[in-house]
Each structure stands twice: as C-alpha cells, then as structure tokens.
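# Using only what follows, build the 3D model:
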Amino acid sequence: MSKNIVYCLLINSILVLSCTNKSEKKITNLNEVNNTEIVGKKIHLKISNIPKIQHRVKIGMNGTKTDKSPAFTYKTLNNTTVYEIVYDKKDSTLIREFDLDTIFLKLRYNPGKSLTYILRRGDSAYIDYLDEKPILNLKNRVLKKNDLELTLESAEFDSANDPMIGIFNPFKLDRKKRINKMSESFDKVLFTIDSLCNNDFISDAEYIYFQKKYAYQKAANQSEFDTNQFKNEDLHIKAYTDYLSRFVFENLKVKTISLGNGTARNFLESFDFVYSKDYFSKKSKKHLLKEALKNIKIDHPKSTFDDRLEKYKLLFPKDKFKDNDVDIPSISGLIQDVKLTSSNTSATTLAQILNQNKGKIVFIDFWASWCAPCIEAFSSYEYLKKKYSQEEVVFIFISVDTFENKWILASDNNKLTNSYLAANYPEAKFYEELNIRNFPRYLLFNQEGELLKSKAPAPDGDLLKVFLDELLIK
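Sure, this is the predicted structure:
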C-alpha cells in the first residue's frame with residue numbers, strides 16, 4: 001500500500017469516527033459531541049487574574065521574539081475567522097457569553113506560547129492563571145485527564161526537549177532525513193493521542209481536534225495530498241489551512257518571485273491556480289483566494305490587485321474585500337519619536353520631514369555604510385531622479401550607522417541628498433513596529449503622508465516605477 005493511500009486513510013478514518021473507547025461510541029463530527037439537552041443555553045466564560053501579556057521576550061543571549069497577536073481569540077467550527085475578545089487591560093477579570101455551539105478558545109500567554117480550549121454550548125468555563133499560564137475549570141461537566149494536555153497543543157517540532165518528539169534538532173539534518181524524522185515524531189504524537197483515547201483520558205471533541213491537527217501536519221510534511229480532503233469542514237484547524245496552502249504552493253510552476261525587496265511566494269500564480277480548480281469546497285476556495293488577495297494587495301501594484309479582485313467578485317459577489325482585511329502596520333503617533341540628524345548636524349524628526357513634504361510621494365531608503373547591497377543600489381537613483389524630476393517625488397536616505405563619521409563619508413562618496421542619520425535607532429518604537437532590522441529596507445509614503453508600503457520595492461527594479469506612476473495618476 002502506498003504512503004499516499006495510508007495518509008488518506010488516516011485522515012478519512014478521523015473524519016468518520018472518534019476514538020473507540022470502552023463504550024464503543026462512534027461520532028462523525030464535532031456537531032454530534034454536543035448534548036442536545038442543552039440547546040438554547042450559552043457558553044459562559046470568566047477569566048480571572050489576567051497578568052500582563054508580554055509581547056516581546058528574550059531568546060538566548062541576544063535574540064528576541066515578538067508576538068503582537070491578541071491575548072484572547074476564538075474560532076467557530078469550519079471558519080477561519082479569528083475573533084478577538086477585547087478586554088480592558090486595566091481590569092484583571094473578563095466575563096463573556098457566547099450563543100454558539102462550539103468555540104475554539106485560544107489564550108496566548110507569552111510570545112509564541114498559547115493554549116486552545118474547546119468549549120461547548122452550556123459550558124460554564126472559569127479560567128485562572130497559575131505562573132502566568134491559563135488553567136481551565138468547568139462547573140457543568142468533568143474534564144478528562146488530558147483534555148488540557150499542554151504537550152498536545154504546543155508540540156514544537158524544532159524543540160530538542162519535547163518528550164513527545166524526542167531529542168533531535170531537525171534543522172541540522174538534510175531535507176529527506178528531516179522529513180522522515182518529523183514524520184516519526186508525528187507518529188509518536190498520533191499514537192499517544194490514540195492511547196489517551198483508548199484509556200478514556202481524553203474527551204471526544206479534544207480527540208477529534210488533536211488527531212486531525214497532527215494528521216494534517218504529517219500529511220503536509222510528507223507532501224502527501226488527497227484532493228478528497230479539500231472539501232472537509234476543518235477550516236477552524238490551522239493545520240488544515242496550512243495543509244491546503246502547502247498543496248497549492250507545491251503545484252506552482254514558479255514558486256517564488258523577486259519583489260525587489262526580497263523574494264516572496266508567488267501569490268499571483270497561487271490565486272490563478274486555486275481559481276481554476278473545482279476540488280476545493282466553496283469555503284476553502286474563498287479562504288485560499290482571500291489569502292492570496294491580501295498578499296497581492298501588499299506586494300503588487302493596484303492594477304494587478306484590481307484584476308484579481310474582479311475575478312474574486314465573480315465567485316463571491318456578496319463578500320466585500322475591505323482595506324482593513326490587509327494588516328498594514330500603524331505608525332500613527334510613532335514617527336515624531338524617530339529622531340534624525342541632518343547633513344548640517346541639525347536635529348529633526350521623521351514627522352517633520354513627512355510634514356514638510358506633504359503633497360509629495362516620499363520614498364525612504366534605510367541603509368548603512370557597511371551594507372554592500374545598500375551601496376550597490378544607490379546607482380539606480382540617478383535614473384529615478386531624472387525620470388521623476390518634474391514630478392512631486394522625494395527620495396530620503398536614513399543611515400543606521402553607529403558612527404557619524406562613517407555615515408558622512410559614505411553619504412558624500414555616493415553623493416546622497418536628503419541624507420540623515422538615525423539618532424535613536426533601534427530604540428524608537430517605530431523601528432520595532434515595522435521590524436526594521438535588515439538592510440536595505442524601503443518605505444513608500446503617499447501624498448497624504450500615509451505609509452503605503454512598509455516593504456517597498458528596491459530602486460533598481462521595475463516594480464517601484466509602477467507604484468510611483470500609479471500614485472502620480474491620482
């Protein structure tokens with residue numbers, strides 16, 4: 001029997017029934033887990049002693065990890081939408097009610113650390129924090145031993161110390177060995193979950209969720225796909241949407257493209273591939289197309305985005321793709337804290353520079369004297385300045401050099417105008433918010449002084465000219 005058939009049978013078996021425990025109970029999906037006697041009741045949630053949720057933690061000697069995702073979110077069955085549970089951070093207690101059958105409640109308690117709890121209609125859930133980790137208690141039903149098993153939800157396959165994975169570092173292995181090693185790890189996790197189920201240590205809903213999650217991860221890891229799975233109602237499980245995305249990516253003729261500011265997945269081809277296939281469910285196709293649209297809007301000119309948007313509307317005329325569907329970093333209130341030193345050693349701020357150039361397109365080049373690609377790209381500005389000499393386009397150069405003399409020397413050697421030194425890099429929150437760490441890095445502001453592209457194309461490619469021309473037409 002081929003590996004492909006084995007993996008398809010594995011996931012199909014999970015879709016058909018839950019664990020076979022002492023009572024030989026069989027369940028087809030999560031909807032059947034709910035007790036029909038509690039129809040009409042709501043999910044009651046109370047979270048107490050909420051600590052300050054960290055957004056940034058240290059990793060190793062000098063590294064940091066940043067996670068600005070909301071502290072409390074939830075999903076509903078077969079829905080990719082992540083709903084944030086907003087709360088007053090000055091209040092240590094949160095109380096909510098949900099008129100829903102099932103919610104997948106995610107609690108982030110540190111950057112990269114989270115727990116997912118499955119709550120059903122009629123649940124009275126009380127969550128308290130112990131050592132800054134959320135602990136769930138239910139008043140209406142008994143939790144089984146491993147319904148809250150942390151290692152199942154947070155199994156990290158790049159961790160050398162996870163007892164469910166084994167001691168190894170997969171990234172030190174070659175690709176084939178890494179895939180095989182990770183598959184062995186998934187097998188251990190799936191075997192453990194089955195064992196918990198057979199011993200009645202885990203509830204049906206949790207069993208279904210975890211089994212599907214790791215079965216999809218294993219199949220994606222092995223690049224073993226079954227198009228029959230693409231109509232499953234599992235969009236609430238991130239591993240399933242990753243499984244779909246992995247399939248699309250592996251079917252692209254050109255997987256990555258250069259955007260002038262680095263390489264990115266070819267979302268143009270991703271969109272066209274998904275659009276042309278009929279083996280995705282309507283919800284799955286909508287999700288994949290919308291994800292592609294978000295990235296096209298970020299990385300490509302408006303004309304390219306508008307073309308794909310029109311095709312999307314033909315399939316989903318009632319769905320409106322809003323601008324706020326795309327996450328553009330907010331720098332409101334931060335630009336005035338970006339302190340700069342001009343070539344004549346006078347002090348200014350980024351806010352002042354943008355204000356002085358209102359009505360003009362502003363392209364900012366963050367560079368350093370020690371950055372060879374930065375210096376190499378400077379030659380392209382001669383053409384751009386000549387092309388847009390009669391237009392309201394301004395090029396600003398901000399060096400992140402530590403020593404002022406190196407900035408001045410490099411700036412003079414390359415005949416830079418509008419040249420500034422970042423006086424408080426990287427301390428200003430602006431740099432953290434936009435994750436300005438690698439150079440060169442380019443920003444594009446429109447005529448109203450609004451950040452249009454937080455990762456704008458480089459000056460030595462054609463893509464930047466398309467963006468500038470579109471802005472000048474407005």
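
# now Lys465, what's its secondary structure?
helix (DSSP: H, G, I helix; E, B strand; the rest coil).

# Tell me, how many residues neighbour it?
Neighbours of Lys465 under the rule other C-beta atoms under 10 Å: 16. From N, CA and C alone the C-beta is placed, and that goes for glycine too.

# correct me, but it touches Tyr383?
No. Using C-beta atoms under 8 Å, Lys465 is not in contact with Tyr383, being 9.5 Å away.

# Between the two ends of stretch 425-439, what distance do you get?
This stretch, stretch 425-439, spans 13 Å end to end (C-alpha to C-alpha, to the nearest Å).

# helix or strand for the residue nearest to Thr348 when sequence neighbours are not counted, which one?
Nearest non-adjacent residue to Thr348, counting by C-beta to C-beta, 6 or more residues apart in numbering: Leu340, 5.2 Å away. Using DSSP states H and E, Leu340 sits in strand 339-342.

# Run through the helices of this protein in chain order.
In the chain, the helices defined using DSSP state H lie at 3-16, 150-153, 175-198, 204-221, 238-250, 267-276, 282-299, 302-315, 350-356, 372-377, 381-387, 404-413, 429-433, 462-473.

# Now render those helices as TSV, adding distance to Asp365 and mean pLDDT.
Shown next, in TSV, are the helices of the chain (distance: least, C-beta to C-beta, whole Å; pLDDT from 0 to 100):
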stretch	distance to Asp365	mean pLDDT
helix 3-16	48	44
helix 150-153	43	49
helix 175-198	36	90
helix 204-221	39	94
helix 238-250	31	97
helix 267-276	25	98
helix 282-299	19	94
helix 302-315	22	95
helix 350-356	13	96
helix 372-377	8	96
helix 381-387	8	96
helix 404-413	11	96
helix 429-433	15	91
helix 462-473	11	94
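
# nearest to Leu259, of those helices?
Minimum separation from Leu259 across those (C-beta to C-beta) falls at helix 282-299, 5.4 Å.

# what are the bridge partners for the residue nearest to Thr348, then?
On the basis of DSSP bridges, Leu340 is bridged to Thr348, Ala422.

# Report the contact partners of Arg86.
Just so we're on the same page, residue 86 is Val rather than Arg. Applying C-beta atoms under 8 Å, 6 or more residues apart in numbering to Val86 gives the contacts Pro70.

# Which one of the helices of the chain lies nearest to Ala456?
Among the helices of the chain, helix 462-473 comes nearest to Ala456, with 6.7 Å by C-beta to C-beta.

# separation between the residue located most distally from the centre of the chain and Asn357?
Within the chain, the residue lying farthest from the chain centre (C-alpha atoms, centre = their mean) is Asn344, at 42.1 Å. From Asn344 across to Asn357, the span is 18 Å (C-beta to C-beta, to the nearest Å).

# for Ile208, same thing?
57 Å.

# likewise Ser114?
Taking C-beta to C-beta, one finds Ser114 at 42 Å from Asn357.

# Excluding chain neighbours, what is closest to the residue most central in space within the chain?
By C-alpha atoms, centre = their mean, the chain has its centre lying nearest to Ser69, at 9.1 Å. Excluding the flanking residues, the one nearest Ser69 by C-beta to C-beta, 6+ apart is Arg108, at 5.9 Å.

# Based on its surroundings, how many neighbours for the one you found?
Arg108 is flanked by 20 other residues according to other C-beta under 10 Å.

# what's the answer for Pro426, then?
Neighbours around Pro426, by other C-beta under 10 Å: 12.

# try the one 4 residues further on
Around Phe430 sit 22 other residues, with neighbours defined as other C-beta under 10 Å.

# More neighbours: Ile208 and Asn357, which one.
Higher neighbour count among Ile208 and Asn357: Ile208, with 26 against 18, using other C-beta under 10 Å.
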